[in-house]
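Colleague: Just the structure for this:
(4 chains, ligands or ions: 4)
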Amino acid sequence: MREILYRDAICEALDEEMARDDKVMMIGEDIGFIGGNFKTSVGLLEKYGDLRVKDSPISEAGIVGMGVGMALTGLRPVVELMFSDFLLVAADQVINQAAKIRYMSGGQAKVPMVIRTPIGAGRSSAAQHSQSMQAMVAHFPGLKVVVPSTAQEAKGLLKTAIRDDNPVIFFEHKMEYTNKFMIDDVVEPIPFGKANIVREGTDLTIVATSSQVMKSMDAAKKLEKEGISVEIIDLRTIVPFDRETVVESVKKTGRLLVVDEAHERCGIGAEIGADVMDDVFYYLDAPIGRIATPNVPLPFSPALEFPIIPSVDKIIAKVKKMME
Amino acid sequence: MREILYRDAICEALDEEMARDDKVMMIGEDIGFIGGNFKTSVGLLEKYGDLRVKDSPISEAGIVGMGVGMALTGLRPVVELMFSDFLLVAADQVINQAAKIRYMSGGQAKVPMVIRTPIGAGRSSAAQHSQSMQAMVAHFPGLKVVVPSTAQEAKGLLKTAIRDDNPVIFFEHKMEYTNKFMIDDVVEPIPFGKANIVREGTDLTIVATSSQVMKSMDAAKKLEKEGISVEIIDLRTIVPFDRETVVESVKKTGRLLVVDEAHERCGIGAEIGADVMDDVFYYLDAPIGRIATPNVPLPFSPALEFPIIPSVDKIIAKVKKMME
Amino acid sequence: MEKVYDKKQLLSFYETMYRMRRFEEEVFEFYKKGLMPGLAHLYLGQEAVATGVCAALREDDYIGSTHRGHGHLIARGAQIDRMMAEILGKADGYSMGKGGSMHIMALDLGILGANGIVGGEIPIATGAAYTAKYLGTDQVAVSFFGESASNEGTFHESINMAAAWDLPIVYVVENNLYGISVDIRDVTKVSDISDRAIGYGIPGVIVDGMDVIAVHQAAEEAVKRARSGNGPTLLECKTYRWQGHHVGDPAEYRERRDPNEKSTWMERCPIRSFREKLRKENITEKEIVKIEEAVEKEVQEAVVFAQESPYPDVSEAYTDVFVD
Amino acid sequence: MEKVYDKKQLLSFYETMYRMRRFEEEVFEFYKKGLMPGLAHLYLGQEAVATGVCAALREDDYIGSTHRGHGHLIARGAQIDRMMAEILGKADGYSMGKGGSMHIMALDLGILGANGIVGGEIPIATGAAYTAKYLGTDQVAVSFFGESASNEGTFHESINMAAAWDLPIVYVVENNLYGISVDIRDVTKVSDISDRAIGYGIPGVIVDGMDVIAVHQAAEEAVKRARSGNGPTLLECKTYRWQGHHVGDPAEYRERRDPNEKSTWMERCPIRSFREKLRKENITEKEIVKIEEAVEKEVQEAVVFAQESPYPDVSEAYTDVFVD
Ligand SMILES: Cc1ncc(C[n+]2csc(CCOP(=O)(O)OP(=O)(O)O)c2C)c(N)n1
Ligand SMILES: Cc1ncc(C[n+]2csc(CCOP(=O)(O)OP(=O)(O)O)c2C)c(N)n1
Ligand SMILES: [Mg+2]
Ligand SMILES: [Mg+2]
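Modeller: Ligands and ions are numbered 1, 2, ... in the order given. Here you go, the predicted model:
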């Protein structure tokens, strides 16, 4: 075990995968010379050269589309979009092309492309640089959707993403980049579709994604002191969804709270609740709950931003309410 | 009352609004000279001229963005996107710009723009021309989302959309364009956020959107013969959402089924279930159900397409299951 | 620089164009007889373009195609029986009926797929060119698209990158004057799309798209340039489509500027004029008829094959979303 | 065509540039002192561009701005105290703190907003030009953006439409060589963005962006052209930014080609050189200092105003999503 910054764990995964497979390459804005806007690819240009670590023009639709073409013809591109909000600039290539080409070709083609991109609010980046786009991409079939929590998870899941033969949207949380985590010396790929029970409990199940896993852990520790035992599931991947783990947990605890930072409406909480509904309905002791970003654009001012995004306090309050 | 094609009802709404307010104008691909790919603006170019009914190049991001600029500076543009799938080509302008500008400006600006665009499968248009994008746009705050059912509804709601000072995404169902409906001689604007109980019943509530309202009505008639009394709510607008009408109905019937054609995951059914959950939970006699397009891209072959999209038979089967 | 063509090559040009012609005529028949699900965009009139361009390619090169893709596919040697089956939504189609006319792919022939999104394929083909450069294979990619697609942002973003990085690609604009009903002259100020090459620092070339020899020569030059590492060319082929935008379009909009527009162009039929040229080159009527008869037989067999092919089993709707 | 400027105009150019300079220096101070939420992109070094361009505009004209928008706003006469308050996320900011540096809007001054999406504002400004044409007001719109934004699809789509329809707009490219760390010369083959004008059939003009007089003259010509119905101009201003991409960027990437790049440009400071020019034009030191002192006072007051302004109440996070 050793200490590492989340962003360096990402960089290690990229480095190790590029070293392992010379078809793996990266393209994106500012990923090369300065090693990425969030410093997740420092040193890789020097190590792998300009063709494999390609600084691109500001052309999101173009670079994602090129990624699709590269993936169709034998490469394993990792495309970086500087903020997940920019998925909207490239949405056609992500959703109408990358996600559907295999299907439209009747299985002839595969698109082994990863799009890495940061989500999350908390840096006063305002409405166009703070969104969490996991619900939007999960809505559309054909994309795997990964929401790692810690540095260890990010590294292991990114390796899996790069080795996966499907288009994968890999969401990094921008508030974690400069946080320190403990990490194994060697991190193996972490399989998709296997949620991780990071804390066992008996009263209520929290299903959380990305940074919300850490926030939920903090909340659970405090709740424990008040005698509430919370089980926490780190979902890891939204698509594929590990319903079995969630259902088993909820059958045990009788309560389900989903914590995810995407906007609430048509969000991850709604989906998970609906997905497990039939199986857990008769075990539920309270309505299924969700914590999400409310249905307003992300405000710039910290005086407005922090109060509205998911937080430890909000999780605690919601859990208590569900326990009433 | 008189008989009318759905597409002509749309055209009438456009015509009447343009006649009423000379700031109302249209821009889109093929809307002028040929009167629209689905013939929803026939005759309007001749009547209102080339500046008000503008045939555009194939530049979806460009025309939506221009619409935003027009709306900011005093016009009331109605932008047509030929298929709702193309919202993805213009997604940044729709979601990062139109939806958020008022908020980001602290209320200085308003964006009275309507985007009209067809949803729905059933014409063998394959994966890039058959999607129903209402859940995607509803996910993002700042957009009103309209899903009219009949010609009468389409006409009344489109008038409201054009008079609304906010960006409105107006989804027409492409399978309805050439269907005949009865319509009032004069159709007044229909307020947003007021769902319409189109059929009263006691056993189960169906909340339906767009064409699924008609399908649900057909299903309800058949179910009645088997002694099942279904209440049907035509939702009309997803945003704003008339939760009161839905909650009251479900409290009465004890069962809720949402029928909407967008993809299932993070879809409309999930959202409505989650939204009303707290209020109806203790009234429910069965888990909340949903019928949607399954999480696969839309296939081309009619042998694959029809079996997977929502249908009268599927609604009947699901209702029966929920009544068990 | 008059290139000398041997008889075999000349006859092969003729054969390819004739195959496209007869193929599309039969597709049109399917539509008229109500046997075709959805629609198709016929290549009739534009045969010289794909024929000339693809004849300049090597077997391992790539092409990206469009909604009007049948001709491109045939020029690359796709099996017309499987194409026909796909167009009818049958199990023996290239995509098992999942894609249909707008999404036929034959990856083993380097065909990256037709594409339903105008401009959608341009970055994808550009990505294939990137792969060729990355792997050092000296393969070349061709991206076909219409003049109206050149107003999509993806056109701009892709060519900029290909130019900056000297990617081995040829951008072939088929300028048939219309995007559906919209006359390019109403939505674009320049009359030659090739003028745009200047803004990317690459050669822009105009060629008579009704003359297969002229197209072939220009394409050979552009392909040579690409293959030798000197980067892309924007090759504009002036052409015309005989029919409406798709099989169901009466295309009356084409008479608005010049009532003889269509007939003037049809007098320059690329197939008839090339046939006359062959006769002048001392190729006998018999030699030509022999080819025509062989193609006819092949096309009739394709029609039967497609009609007799079964529809895919409904379970196929759920496969090929992901590589397992 | 040497234009004669009167003293008042010359001093007003100086005052505007000096105001920008001092404003940005204070913004930088806020950042260094840890008082600024998020980041800001400083206009230092580029002052002559916005000053020269906006001086060519009429009060009722429109401008669209970018992430690097402070200079554009000041040139249009925005109140620097409210700007400063917005940058600090305060209630007295232009957007009540909801937008921040990247989204300042002052609609009453024709400022359509800064924009966080590179290229996002180009079609919006183009829409404003459409409104002017529609209403026959002879207003003009200016769209400011960087050289790297010219690689976004929206640049292409917007200019194509503006050219085709002779819209009254001037596209002002501020070519400062970099998009964050990416050198335009690595991602675009042409060195003059103005070359792209040819492909749209409009004039492309290059001007020294460090010379406010040169910029003003070129802008006047372009604005006149637009106002008189002759359509858009692509006006490229060669310039340089003194600081990194944003306040937190050390910008070491700029030494990679030429270690003296920055100092060479800084020797051409648009403010210092213009000051020298003024002195040569028989404007006294005293007259200049008087302006500087007045600006200084104004800036200091703005700093105090912004610091003393309260944060918005958290309830504001939920308002301005929709016009009620
Ligand atoms: C993004 C997008 N916008 C619009 C359409 C609808 N559409 C299909 S083909 C077409 C016209 C294309 O014109 P052009 O590129 O000139 O090709 P042509 O049809 O003339 O071969 C349009 C508007 C589409 N399929 N995709
Ligand atoms: C669509 C989009 N892509 C990327 C970014 C991140 N980004 C912000 S500014 C910038 C560079 C812009 O360069 P340029 O247009 O030359 O303007 P400059 O910063 O030099 O003024 C980038 C890449 C963004 N905000 N939006
Ligand atoms: Mg065309
Ligand atoms: Mg720049």
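Colleague: Would you mind measuring from whatever residue of the stretch 51-200 of chain A ends up closest to ligand 4 to A:Leu304?
Modeller: The nearest approach of the stretch 51-200 of chain A to ligand 4 comes at A:Ile58, 9.3 Å away (C-beta to the ion). The C-beta positions use only the backbone N, C-alpha and C, and glycine is treated the same way. A:Ile58 sits 29 Å away from A:Leu304, going by C-beta to C-beta, to the nearest Å.
Colleague: more crowded one of the two?
Modeller: A:Ile58 (27 against 24; other C-beta atoms under 10 Å in any protein chain shown).
Colleague: give me the element that one is part of.
Modeller: For A:Ile58, there is no host helix or strand (DSSP states H and E).
Colleague: Tell me the pLDDT of whichever residue of the stretch 201-324 of chain A sits closest to ligand 4.
Modeller: Distances between the stretch 201-324 of chain A and ligand 4 by C-beta to the ion are smallest at A:Phe300, namely 23.0 Å. Reported pLDDT at A:Phe300 in the predicted model: 98.
Colleague: burial count for it?
Modeller: Under the criterion other C-beta under 10 Å, the count of neighbours that A:Phe300 has is 34.
Colleague: So which bits of stretch C:35-42 are buried?
Modeller: C:Met36, C:Pro37, C:Gly38, C:Leu39, C:Ala40, C:His41, C:Leu42 (16 or more other C-beta atoms under 10 Å in any protein chain shown).
Colleague: Report whether it contacts ligand 3.
Modeller: No: judged by C-beta under 5 Å from the ion, stretch C:35-42 stays clear of ligand 3, getting no closer than 10.0 Å.
Colleague: Contacts (any at all) between chain B and that stretch?
Modeller: Yes: using C-beta under 8 Å from any C-beta of the partner chain, stretch C:35-42 comes into contact with chain B via C:Pro37, C:Gly38, C:Leu39.
Colleague: Just send the residues you listed back as a markdown table, with distance to C:Gly113, pLDDT and secondary structure too.
Modeller: Shown next, in a markdown table, are the residues of stretch C:35-42 next to chain B (distance: C-beta to C-beta, whole Å; pLDDT from 0 to 100; DSSP: H, G, I helix; E, B strand; the rest coil):
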| residue | distance to C:Gly113 | pLDDT | secondary structure |
| --- | --- | --- | --- |
| C:Pro37 | 19 | 97 | coil |
| C:Gly38 | 17 | 96 | coil |
| C:Leu39 | 18 | 96 | coil |
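Colleague: Just name whatever secondary elements the host helix or strand of A:Met26 is in contact with.
Modeller: Under the criterion of DSSP H and E, A:Met26 resides in strand A:24-28. Applying 3 or more C-beta pairs under 8 Å, 6 or more residues apart in numbering or on different chains; DSSP states H and E, we find strand A:24-28 packed against helix A:6-20, strand A:53-55, helix A:60-72, strand A:76-80.
Colleague: Could you give the average pLDDT over the helix or strand that that strand is followed by?
Modeller: Moving toward the C-terminus from strand A:24-28, the next helix or strand (DSSP H and E) is helix A:44-48. Mean pLDDT, computed over helix A:44-48, is 98.
Colleague: how close does the residue nearest to the spatial centre of chain C sit to ligand 1?
Modeller: Most central in chain C under C-alpha atoms, centre = their mean is C:His72, positioned 3.0 Å from the mean C-alpha point. Counting by C-beta to the nearest ligand atom, to the nearest Å, the separation of C:His72 from ligand 1 is 11 Å.
Colleague: now the helices: where do they sit in the stretch 201-324 of chain A?
Modeller: A:211-225, A:243-253, A:268-280, A:302-308, A:312-323 (DSSP state H, counting those that start in this stretch).
Colleague: Distance to D:His216 added to those, as a markdown table?
Modeller: Shown next, in a markdown table, are these (distance: least, C-beta to C-beta, whole Å):
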| stretch | distance to D:His216 |
| --- | --- |
| helix A:211-225 | 50 |
| helix A:243-253 | 64 |
| helix A:268-280 | 53 |
| helix A:302-308 | 40 |
| helix A:312-323 | 53 |
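Colleague: Figure out which of those is closest to ligand 3.
Modeller: With respect to ligand 3, and counting by C-beta to the ion, the nearest of the helices of the stretch 201-324 of chain A is helix A:268-280 at 41.1 Å.
Colleague: and residue 183, what are its bridge partners?
Modeller: Looking at chain A here, since you left the chain open. Taking DSSP bridges as the rule, A:Ile183 bridges to A:Arg2.
Colleague: you looked at the wrong chain, it should be chain C
Modeller: Here C:Asp183, judged by DSSP bridges, has bridge partners C:Tyr178.
Colleague: count of neighbours near it?
Modeller: So C:Asp183, with other C-beta under 10 Å, has 17 neighbours.
Colleague: Can you give me every residue that contacts it?
Modeller: Counting by C-beta atoms under 8 Å, 6 or more residues apart in numbering or on different chains, C:Asp183 touches C:Leu177, C:Tyr253, C:Arg256, C:Arg257.
Colleague: out of these, what pair is the most spread apart?
Modeller: C:Leu177 and C:Arg256 (11.5 Å; C-beta to C-beta).
Colleague: between these two, who's got more neighbours?
Modeller: C:Leu177 (20 against 12).
Colleague: Quick check: residues of chain A near chain D?
Modeller: Neighbours of chain D within chain A, by C-beta under 8 Å from any C-beta: A:29-30, A:33-34, A:37, A:55-62, A:85-86, A:89, A:123-129, A:294-297, A:299-305, A:307-308.
Colleague: filter the residues you listed down to the ones near ligand 2?
Modeller: A:Glu29, A:Ile58, A:Glu60, A:Phe86, A:Val89 (C-beta under 6 Å from any ligand atom).
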